[in-house]
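Chemist: Output the structure for:
(2 chains)
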Amino acid sequence: MLIIPAIDLIGGKCVRLLKGDYSTTTTYQQTPVEQALRFQSARFSRLHVVDLEGAKDGLGRNREAIREIVQAVRIPVQVGGGIRTDEDVDSLLSWGVKFLILGTVALKQPESVSRWVKRWGGDPFIVSLDLRKQRLQTEGWREESQVSVEEMIRRISDWGVTQVISTDIEKDGTLSHPNYATYTQLRGLLGPEVRLIAAGGVSSREHIGRLKEIGVGGAIVGKAIYENRISLEELSSAG
Amino acid sequence: MIVVIDYKAGNLYNVGNALGHLGAQFVFSGDPEVVRKASRVILPGVGSAKPAMDSLRELGLVSVLRELQVPFLGICLGLQLLFERSDEEQTDCLGILPGAVRRFDSRRLKVPHIGWNQVSIKAPTTLFAKVPDLSSFYFVHSFYAPVSDSVTIGVTEYGEPFSSVVMKDHYCGVQFHPERSGETGLQILRNFLEFQPC
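Modeler: Model (predicted):
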């Protein structure tokens, strides 16, 4: 199982939010590049970087920090937040970002995603299913989507996307535990070729063990690292 | 040569990967000349009926597929296109099999039908050789072919029974995705690669 440490960016700095609420921001000391290098030396094999302002207002700030991270590390980087246009996709992929995480755009502009997978194939894309009480959320988790989970899974299938991140917003940044029921349900719905990556509330080896049993193929860990709930070494070897 | 029809309907990677895994030699093609000379033809199903039929027509493949003399496997939408019509945007399909494709009733059921479900085999066929009855396969679809005495070989229940496997002469269709159904699914593809219509 892939354990993916998270770097969330606001104003070019590493931050964490509680349950996606922008008013509960904690800013951390290290620069994004320092943080990324620290994760690389702790032997993680992928990084998760989110441009929180991109997700919120579509301005795509923090992109400079993302570019620096990708230049600084050897391990693959997945990036999410505010990816909406052809230019976003072209520039991030040309910088060497390995995987682009598509959330709002996958819900609201599926025709854009169809165009991208035609050009680049399904592999560089990860679809993000952000759930609050089993309903899909968009626009940086501030809006409920009318699109059903089943409809999204059908689109993912058509696009040939083979990775899905599912965040349970009620659990994100809470250090409680992952929502196992949600992941079990999604695992049953997604094609077997799709790697399901869990995010939200993952904060111990035990959580990771249980997710693995359900058939979850990856876990994004954020706050538990920043708050030293679990050591990097313990975590990177838990997969 | 085995030909996987590339009709620009979407992703063919899964089918290609599965055939590659089985060591089969195949090409992706939408060229009528290539399809006409194929030893076997697979019509993968992605997307919806109308654009798929439009693109088969544009490529000049409709009559070629109707006149094929070699084993043919339609997957998912590829099964649905074998019938005369689909309720999906009232599309005229290939008409190789009799009947029409219907939409699941979304007032009663979650649509699309997504996930693993069992196939009950109604008539023995080499397409299901070494595959136990009631094996589970992976489905993603909103439309289905009703059960019919003349063509239904396998039945799956979703709200009501529907045709998950159909066959007539050398034309076969499966509503599930064998390329995405693990080892059991691969066995179906393996069987198709050896399939000889009787």
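
Chemist: so how far is B:S86 from the nearest residue to A:P110 once chain neighbours are set aside?
Modeler: Among residues not flanking A:P110 along the chain, A:R155 sits closest, at 5.7 Å (Cβ to Cβ, 6 or more residues apart in numbering or on different chains). C-betas here are computed from N, CA, C, even on glycine. Using Cβ to Cβ, to the nearest Å, we find A:R155 at a distance of 20 Å from B:S86.

Chemist: Pick out whichever of these two has more residues nearby.
Modeler: Higher neighbour count among A:R155 and B:S86: B:S86, with 24 against 18, using other Cβ atoms under 10 Å in any protein chain shown.

Chemist: So the more buried one sits against B:V101, correct?
Modeler: Yes - between B:S86 and B:V101 a contact is recorded at 4.1 Å, counting by Cβ atoms under 8 Å.

Chemist: Could you tell me which residues touch both of those two?
Modeler: B:49, B:80, B:93, B:143 (Cβ atoms under 8 Å, 6 or more residues apart in numbering or on different chains).

Chemist: and those, which of them are in helices?
Modeler: Per DSSP state H, helices hold the following members of the shared contacts of B:S86 and B:V101: B:49, B:80.

Chemist: nearest to chain A, of the shared contacts of B:S86 and B:V101?
Modeler: Set against chain A, the nearest of the shared contacts of B:S86 and B:V101 by Cβ to the nearest Cβ is B:F143 (11.6 Å).

Chemist: quick one: pLDDT of that closest one?
Modeler: pLDDT recorded at B:F143 is 96.

Chemist: can you pull up the bridge partners for it?
Modeler: For B:F143, the beta-bridge partners under DSSP bridges are B:R103.

Chemist: which residues does it contact?
Modeler: Contacts for B:F143 (Cβ under 8 Å, 6+ apart) come out as B:49, B:80, B:86-88, B:101-104.

Chemist: Check A:V50 too.
Modeler: The contact partners of A:V50, taken as Cβ under 8 Å, 6+ apart, are A:6-9, A:79-81, A:101.

Chemist: Would you mind listing which of the contacts of B:F143 are buried?
Modeler: Among the contacts of B:F143, those classed as buried by 16 or more other Cβ atoms under 10 Å in any protein chain shown are B:49, B:80, B:86, B:88, B:101-102, B:104.

Chemist: which of those sit farthest apart?
Modeler: B:A49 and B:F104 (14.4 Å; Cβ to Cβ).

Chemist: Now do the helices in the chain.
Modeler: In the absence of a named chain, this looks at chain A. For chain A, the helices identified by DSSP H occupy A:32-41, A:52-57, A:63-72, A:86-95, A:104-108, A:110-120, A:149-159, A:180-189, A:205-214, A:223-226, A:232-236, in order along the chain.

Chemist: Let me rephrase: I mean chain B.
Modeler: So, for chain B - with DSSP H - the helices run B:13-21, B:32-36, B:49-58, B:62-66, B:77-80, B:182-194.

Chemist: No further questions, thank you.
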